[in-house]
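**Student:** curious how this folds, go ahead:
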Amino acid sequence: MSRERVSERLFRWFDGRYGIAPLFEFFRHKEVPVGFHSIIWYYLGGTTLFFFTVQILSGMLLLVYYQPGESTSYESIRYITTKVPFGWLVRSVHCWSAHLMILSLIVHMYSTLMLKAYRPPRELTWVTGFMLMGVALGFGFSGYLLPWNELAFFATAVGTDSVKSVPLIGDWLLNVLRGGPDVTINTLYRFFALHVSILPIAAVSLIGSHLLLIQRQGMALPVGETQAPRGMKFFPSFMLRDLLLWLVLLIVVTVLALFFPYGAGIPGVEWELGQKADPLAPAFPGIKPEWYFLWIYQLLREFPPHLFGLEGPQVCLLLVTVLMATWALVPWVDRSARRQQPSPGFTDFGVAAILFVVFLMLKAWDIGGGGKPDQLPDAAATARACAWLLLPLAAAITLVRVAVFKHRWFVFSGAALLHAMLNGFAGFSYLQAGAIAATLAAVVPVALVIRERRQPPSGGSAP
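**Tutor:** Here you go, the predicted model:
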């Protein structure tokens, strides 16, 4: 019997029982829009899914030997990295793929913002992606404690301590998260359950919902277009390209794991095992979280102990909540994109977010502060050095926006740059500089609207 006949019989057998013919028909006719917007951005979702798959597979291998416990967590990780054949490689692949997954997810979500791919009817696709970002950050935070070493212990203590700033229920949340008032072995057990059970279930559910919405609604077209000029067959053309990219990414992860088995050696991107955690030992200075939490860590440092009658961390938490809520509600706030019209203000908002986060991350690394192991870095020198580093980045982004994309809206990005310049060069505190920049960012758009309304209907040249 020929191979073709065997495959046909198998297909008929499955189709008769599970009705898979419509699914095959769907994939046979599914197309991906082709154009400048799809050269890179349409592959980022698959890239993130690949890194998540590597996380699951490498995590399953680590679970074969990992034993959570006060006298077993650190020892089992040390056994994996020193005794198990290629155990160090599996752990390194797991750590590198975790960082690359979050980086890919951030770039994917940012590209969605820039392309306005959250336009109706894709609001829930954006929301599920936002929730997946939260789950990914939860993976990073919960997995950080599992080696039960010094750095992970004290970083978790600092990170969870910020939960106390939540009004009314802060102490209760802290006890739920830690399993008590302090970071103990109960915290490790809770983080382990969160990392290997609760978060994977949530992630798989959200990924399934996200992919279902994408398959149902298709890829978003550029703003203003109702039909793609041409398309590429999803199967096999686009899928084969995706698989080829996955192969390249596997090579990249393997090379990074081989040559940098304990991370890049910079705060936030390192996972050397070090010493076992000792809850009674004093915390050593210079503890920093993973790189994707650095901006929140630095923002907490910029707030004084008390502000506006509240605790500084509470005000900071409120600000972060407002920023995150704004990001999540963009599909409903961006009314121009909902009408299939350009929304330069939200594009500029995305650029401003880059400058805002990068400046805080640079400051969190204490660049230019000249701090020694027994001394605190010079905050003014750090702000000045980071402002100098941010300036060429902002200039390059602005030049590309003007020359390539013909952008003319720079209110929010200009405010973010002004914020950094006032803090770094003019001697203003971070909060003072932020208040000035935020005021200008709020006043300038209003002034521009008033100016437009006062202009005669047919007079003057277009801006």
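
**Student:** helix or strand right after the lengthiest helix in the chain?
**Tutor:** Longest helix in the chain, counting residues (DSSP state H): helix 87-115. Where DSSP states H and E defines the elements, the next helix or strand beyond helix 87-115 is helix 123-144.

**Student:** tell me the helices and strands packed up against that following helix.
**Tutor:** Judged by 3 or more C-beta pairs under 8 Å, 6 or more residues apart in numbering; DSSP states H and E, the packing partners of helix 123-144 are helix 87-115, helix 150-161, helix 185-193, helix 199-217, helix 312-328, helix 330-333. Bear in mind the C-beta positions are built from the backbone N, C-alpha and C, glycine included.

**Student:** give me the buried positions along that helix.
**Tutor:** For helix 123-144, the neighbour count (16 or more other C-beta atoms under 10 Å) marks 123, 125-133, 135-136, 138-144 as buried.

**Student:** the strands in this protein, which residues?
**Tutor:** Under the criterion DSSP state E, the chain contains strands at 31-33, 231-233, 263-266, 269-270, 306-307, 310-311.

**Student:** give me the sheet partners of the third one and which way each runs.
**Tutor:** Looking at strand 263-266 with DSSP bridges, its partner strands are strand 269-270 (antiparallel).

**Student:** what is the rounded mean pLDDT of the partner strand?
**Tutor:** Computed over strand 269-270, the mean pLDDT rounds to 92.

**Student:** I'd like the distance from it to the chain centre, please.
**Tutor:** Strand 269-270 sits 16 Å away from the centroid of its parent chain (C-alpha atoms, centre = their mean, to the nearest Å).

**Student:** ditto for stretch 394-403
**Tutor:** 23 Å.

**Student:** what is the neighbour count of Thr241?
**Tutor:** Careful, residue 241 is Arg; it's not Thr. 15 (other C-beta atoms under 10 Å).

**Student:** contacts only, for it.
**Tutor:** Shown in contact with Arg241 (C-beta atoms under 8 Å, 6 or more residues apart in numbering): Tyr43.

**Student:** please apply the same query to Cys316.
**Tutor:** Counting by C-beta under 8 Å, 6+ apart, Cys316 has contacts Ser165, Leu299, Leu300, Glu302, Phe303.

**Student:** among those residues, which lie within helices?
**Tutor:** Applying DSSP H to those, the entries found in helices are Leu299, Leu300, Glu302.

**Student:** now render these as JSON lines, adding pLDDT and neighbour count.
**Tutor:** Putting these into JSON lines (pLDDT from 0 to 100; neighbours: other C-beta atoms under 10 Å) gives the following:
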{"residue": "Leu299", "pLDDT": "94", "neighbour count": "22"}
{"residue": "Leu300", "pLDDT": "92", "neighbour count": "17"}
{"residue": "Glu302", "pLDDT": "94", "neighbour count": "18"}
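
**Student:** could you chop the protein up by domain?
**Tutor:** Domain assignment for the chain, taken from automatic domain parsing, gives 34-288, 343-463.

**Student:** looking at those domains, which one has the lowest mean pLDDT?
**Tutor:** domain 343-463 (a mean of 86).

**Student:** isn't Val34 up against Gly231?
**Tutor:** Yes: between Val34 and Gly231 there is a contact under C-beta atoms under 8 Å: 6.0 Å.

**Student:** among the strands of the chain, which is nearest Lys276?
**Tutor:** Taking C-beta to C-beta, strand 269-270 is the member of the strands of the chain nearest to Lys276, at 17.1 Å.

**Student:** residues touching the closest one, excluding its own?
**Tutor:** Counting by C-beta under 8 Å, 6+ apart, His99, Tyr262, Gly263, Ala264, Glu290, Trp291 sit against strand 269-270.

**Student:** contacts only, for Ala277.
**Tutor:** Ala277 neighbours (C-beta under 8 Å, 6+ apart): Tyr74, Trp148, Asn149, Glu150, Ala152, Phe153, Phe154.

**Student:** please apply the same query to Ser97.
**Tutor:** Taking C-beta under 8 Å, 6+ apart, we find Ser97 in contact with Phe51, Val54, Gln55, Ser58, Val253.

**Student:** could you measure from the residue nearest to Tyr66 when sequence neighbours are not counted over to Ala396?
**Tutor:** Among residues not flanking Tyr66 along the chain, Ser76 sits closest, at 5.0 Å (C-beta to C-beta, 6 or more residues apart in numbering). Computed as C-beta to C-beta, to the nearest Å, the Ser76 to Ala396 distance reads 46 Å.

**Student:** correct me, but Leu177 touches Arg190?
**Tutor:** Yes: Leu177 lies in contact with Arg190 (C-beta under 8 Å); the separation is 7.2 Å.

**Student:** ok, back up a step: let me have the contacts of Ser97 in JSON lines, extended by neighbour count.
**Tutor:** JSON lines is the format used below for these (neighbours: other C-beta atoms under 10 Å):
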{"residue": "Phe51", "neighbour count": "23"}
{"residue": "Val54", "neighbour count": "21"}
{"residue": "Gln55", "neighbour count": "22"}
{"residue": "Ser58", "neighbour count": "22"}
{"residue": "Val253", "neighbour count": "20"}
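
**Student:** what's the closest of those residues to Val357?
**Tutor:** For those, the nearest to Val357 is Phe51 (20.8 Å; C-beta to C-beta).

**Student:** distance of that closest one from His94?
**Tutor:** 11 Å.

**Student:** for Ala328, see how far away the nearest residue to Pro377 once chain neighbours are set aside is.
**Tutor:** Once flanking residues are discounted, Pro377 sits nearest to Gly369: 2.6 Å by C-beta to C-beta, 6+ apart. To Ala328, Gly369 is 34 Å away according to C-beta to C-beta.

**Student:** circling back to that earlier point, from the contacts of Cys316, which single one is nearest Ile20?
**Tutor:** The nearest one, if we look at the contacts of Cys316 relative to Ile20 and count by C-beta to C-beta, is Leu299, at 50.7 Å.

**Student:** so what's the closest one up against?
**Tutor:** Residues near Leu299 by C-beta under 8 Å, 6+ apart: Cys316, Leu319, Val320, Leu360.

**Student:** could you dump those into JSON lines with distance to Pro200 added?
**Tutor:** As requested, these are exported to JSON lines (distance: C-beta to C-beta, whole Å):
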{"residue": "Cys316", "distance to Pro200": "31"}
{"residue": "Leu319", "distance to Pro200": "31"}
{"residue": "Val320", "distance to Pro200": "26"}
{"residue": "Leu360", "distance to Pro200": "30"}
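
**Student:** what is the nearest of the residues you listed to Leu113?
**Tutor:** Val320 (18.0 Å).

**Student:** burial count for the closest residue to that closest one other than its chain neighbours?
**Tutor:** If the residues on either side of it in the chain are set aside, Val320 comes closest to Ile296, at 6.1 Å by C-beta to C-beta, 6+ apart. When neighbours are defined as other C-beta under 10 Å, Ile296 has 19 of them.

**Student:** okay, Ile296 and Tyr18: tell me how far apart.
**Tutor:** From Ile296 to Tyr18 the distance is 47 Å (C-beta to C-beta).

**Student:** what do you get for Gly46?
**Tutor:** 26 Å.

**Student:** neighbour count: these two, which is higher?
**Tutor:** Using other C-beta under 10 Å, the more surrounded residue of Gly46 and Tyr18 is Gly46, with 19 against 9.
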